[in-house]
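compute the structure for the input listed below.
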Amino acid sequence: MIIDLIQYLFFGFALTAILSYIILAIISAFETIDYMKKNSFVNYKEILSSSISPSISIIAPAYNETLNIVENVRSLLSNHYVNYDVIIVNDGSKDDSLEKLIKAYDLVKVDYEINNQIPTKPLREGVFKSTNPAFEKLIVVDKENGGKADALNTGLNFSPNKYVACIDVDCLLLEESLQKMIKPFLEITDAKVIAAGGVIRIANSCVIKDGKLLDVNLPKNFIVRGQILEYLRAFLLGRMAWSKLNGLLVISGAFGLFDKKIAIEVGGYDTKTVGEDMEIIVRMRRHMEEQKIKYKVAYIPDPLCWTEAPDNYKIFISQRNRWTRGTIETLKKHRKIGFNPKYNALGIISYPYWLIYERLAPVIEVTGLFYFLFLVLINSVKWDYAIAFIVVAYLFTVLFSLITIITEELTYHQYKKKGIGIQLIITAFLEPIVNHPFILYAAIKGNFDYYFNKKIKWGEMTRKGMSNN
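You can find the predicted model right below:
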């Protein structure tokens, strides 16, 4: 009886997970179609050229980015939006990043008015602006090292604008990124838009020159290919649905647009977590719920931002370990909202889903594997059911990836070269066997490190530079 009960619990978890993925995918598909219809007639040049376009600060923390810092800043400055500036926060780099910026962009030290509403590490060399009118939008802040969250908070303090776009300095923004991201803030009038996120695509092996994406290629590296499918699933068949349900709990730290006033009201980014991108969204949402203000966290399905993904398992595991620890920290810190109807969809849908199907899923999966081994040892395995369960789980994962590939082909179709579709299909069949075990290991290690290895912090993320991939 106990064995049967345990098996029913594992089966119930798997079944509800599959159903949730199907429901989210269906909602995402309808929302994406609706979005593409509504925006097919939008003239983004009007937003681009209008002098009354909302002002935006692009905040990009940088730490030891000497390899590509000049090119990365040039990419951020090439955006076609009209009312924006770029704030590079040099977070105590130990290399010559600052010196390269000073030389490349004719920077000089200036006095700059600072609104220190959020406590941060002090400045080091100070604030720099360019003597070249071509780079008048650029501000470089040199400060003592305090981590990514502290650097972002410094940018919030320095920004003179209403909105802030927080981005990784080595990400590539497409030319219309800001005007597409600002649209929800202008269009949605029945609720206050506090943040917007967009699709993050993987730039490994793509051709990038002078801050522009010239050619999209599929990497030969299988680790990266698996991540491409993973990103497509998450962004195309997940986050669009959560946006519709007003249940988004995370905006990728690679690129997000925020209402600066709300971000500062809640105290900025949490410097004590490794998952600052998720935590600030949850805290902003919690703030709005407690203030009883109708709000929205929007999502843009256009491929607006391209970034470099880990290309070896050591860095891949380190990244996923950090994601796991960040999720645990955020859910623990904001456990008050969990299953609490006072917080509406945030409390009764988003938090429970993230807790069960994101936070606990790896733990449940590994527990299931050990339980299966235990049944093998005591010779109590019902092999027909066990094999059927494994086959169904595998085929569903593959089918979901195939649906993702078809969705990509029918919508934004970034991978246009002949043969890439077949290669992605092959990846869909191999990814559950090749990449997933490493994701599972990283998640379990992240749980262990969170509870028993308090010394571990950010984790390794060595980048090679997108132009060199």
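
can you give me the helices in the stretch 301-450 of the chain?
For the stretch 301-450 of the chain, the helices defined by DSSP state H, counting those that start in this stretch cover 313-333, 344-345, 351-354, 361-377, 383-410, 420-434, 436-452.

save those as a markdown table, and put in mean neighbour count and distance to Phe41 too.
Bear in mind the C-beta positions are built from the backbone N, C-alpha and C, glycine included. A markdown table is the format used below for the helices of the stretch 301-450 of the chain (neighbours: other Cβ atoms under 10 Å; distance: least, Cβ to Cβ, whole Å):
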| stretch | mean neighbour count | distance to Phe41 |
| --- | --- | --- |
| helix 313-333 | 20 | 38 |
| helix 344-345 | 14 | 31 |
| helix 351-354 | 20 | 35 |
| helix 361-377 | 14 | 41 |
| helix 383-410 | 15 | 19 |
| helix 420-434 | 16 | 29 |
| helix 436-452 | 17 | 40 |
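
of those helices, which is nearest Tyr35?
Across these, Tyr35 has its closest neighbour in helix 383-410 (12.8 Å, Cβ to Cβ).

thought Val82 was touching Ser53?
Yes - proximity of Val82 to Ser53 meets the contact threshold set by Cβ atoms under 8 Å, at 5.3 Å.

could you give the number of residues near Leu355?
For Leu355, the count of nearby residues is 16 (other Cβ atoms under 10 Å).

select, out of the helices of the stretch 301-450 of the chain, the one closest to Met288.
Met288 lies closest to helix 344-345 among the helices of the stretch 301-450 of the chain, at 10.3 Å (Cβ to Cβ).

where does this structure have its least confident helix or strand?
Between all helices and strands in the chain, the lowest mean by mean pLDDT, DSSP states H and E belongs to helix 44-49, at a mean of 58.

for the record, mean pLDDT for the helix or strand following that one?
Of the helices and strands lying after helix 44-49 in sequence (DSSP states H and E), the nearest is strand 56-62. Average pLDDT, strand 56-62: 96.

who does the longest strand anywhere in the chain pair up with?
Longest strand of the chain, by residue count under DSSP state E: strand 295-307. Its sheet considered, strand 295-307 pairs with strand 172-173 (antiparallel), strand 192-202 (parallel) by DSSP bridges.

just want the angle from that strand to helix 383-410.
With axes from the mean of the first three to the mean of the last three Cα atoms, to 10 degrees defining the directions, strand 295-307 sits at 80 degrees from helix 383-410.

is Tyr21 in a helix, a strand, or coil?
What DSSP: H, G, I helix; E, B strand; the rest coil gives for Tyr21 is helix.

where's it relative to Pro303, distance?
22 Å (Cβ to Cβ, to the nearest Å).

more crowded one of those two?
Comparing Tyr21 with Pro303 by other Cβ under 10 Å, the one with more neighbours is Pro303, at 22 against 19.

wait, the more buried one sits on Tyr415?
No - when contacts are counted by Cβ under 8 Å, Pro303 is not listed as touching Tyr415 (10.8 Å).

ok, and the closest non-adjacent residue to Ala29?
Thr407 (6.7 Å; Cβ to Cβ, 6 or more residues apart in numbering).

hmm, the one you found is touching Ile33, no?
No - here Thr407 does not reach Ile33: they are 10.0 Å apart, not a contact under Cβ under 8 Å.

from start to finish, how long is stretch 346-361 in a straight line?
End-to-end span of stretch 346-361 (Cα to Cα, to the nearest Å): 19 Å.

oh, I was asking about stretch 185-205
34 Å.

pull out the buried positions in that stretch.
Using 16 or more other Cβ atoms under 10 Å as the test for burial, stretch 185-205 gives 185, 193-205.

wait, what's in contact with the residue most central in space within the chain?
Using Cα atoms, centre = their mean, the residue of the chain that lies closest to the mean C-alpha position is Ser252, 1.9 Å off. Contact analysis of Ser252 by Cβ atoms under 8 Å, 6 or more residues apart in numbering lists Gly197, Gly198, Ile200, Asp277, Cys305.

for the last one, which residues are in contact?
Contact analysis of Cys305 by Cβ under 8 Å, 6+ apart lists 167, 171-174, 177, 198-201, 252, 254-255.

where does Val108 land in three-state SS?
Strictly by three-state DSSP, Val108 counts as strand.

state the distance from the nearest residue to Leu174 once chain neighbours are set aside to Trp242.
Distances taken as Cβ to Cβ, 6+ apart place Leu304 nearest to Leu174, at 5.5 Å, with adjacent residues excluded. Distance, Leu304 to Trp242, by Cβ to Cβ: 18 Å.

ditto for Asn90
In terms of Cβ to Cβ, Asn90 sits 34 Å off from Trp242.

repeat that for Asn217.
From Asn217 to Trp242 the distance is 30 Å (Cβ to Cβ).

looking at these two, which is more packed in?
A count of neighbours by other Cβ under 10 Å puts Trp242 above the other of Asn217 and Trp242, at 23 against 14.

measure that one to Leu430 for me?
28 Å.

same check on Ile88?
Distance from Ile88 to Leu430, by Cβ to Cβ: 40 Å.

cool, and Tyr412?
Distance from Tyr412 to Leu430, by Cβ to Cβ: 24 Å.

cool, and Val216?
Counting by Cβ to Cβ - Val216 and Leu430 are separated by 21 Å.

about what we covered before: residues in contact with the residue nearest to Leu174?
By Cβ under 8 Å, 6+ apart, the contact set of Leu304 is Leu173, Leu174, Glu176, Ser177, Lys180, Met181, Gly198, Val199, Phe255.

Asp384: which of the residues you listed is nearest?
Of these, the one sitting nearest to Asp384 (Cβ to Cβ) turns out to be Val199, at 41.9 Å.

and the closest one, what is it in contact with?
Phe235, Leu236, Ile300, Pro301, Asp302, Pro303, Leu304, Cys305.

report pLDDT for it.
Confidence at Val199, expressed as pLDDT, is 89.

still on that earlier bit, quick one: which two of the contacts of Cys305 are the most distant?
The widest separation within those (Cβ to Cβ) is 15.0 Å, between Leu174 and Ser252.

check which helix or strand the closest residue in space to Asp96 that isn't next to it in sequence maps to.
Nearest non-adjacent residue to Asp96, counting by Cβ to Cβ, 6+ apart: Thr66, 5.4 Å away. Using DSSP H and E, Thr66 is not contained in any helix or strand.

so where is the stretch 301-450 of the chain shaky, pLDDT-wise?
The model of the stretch 301-450 of the chain has no residue with pLDDT under 70.

just to revisit the earlier point, list just the nearest of the buried residues of stretch 185-205 to Asn161.
Looking across the buried residues of stretch 185-205 and measuring by Cβ to Cβ, the closest to Asn161 is Phe185, at 12.3 Å.

check for me that the closest one belongs to a helix.
Yes - Phe185: assigned to a helix according to three-state DSSP.

touching, it and Lys192? I think so.
No - if you go by Cβ under 8 Å, Phe185 and Lys192 don't touch, sitting 9.0 Å apart.

and the pLDDT at the closest residue in space to Leu101 that isn't next to it in sequence?
Nearest residue to Leu101, sequence neighbours excluded (Cβ to Cβ, 6+ apart): Val140, at 5.5 Å. For Val140, the pLDDT comes out at 97.
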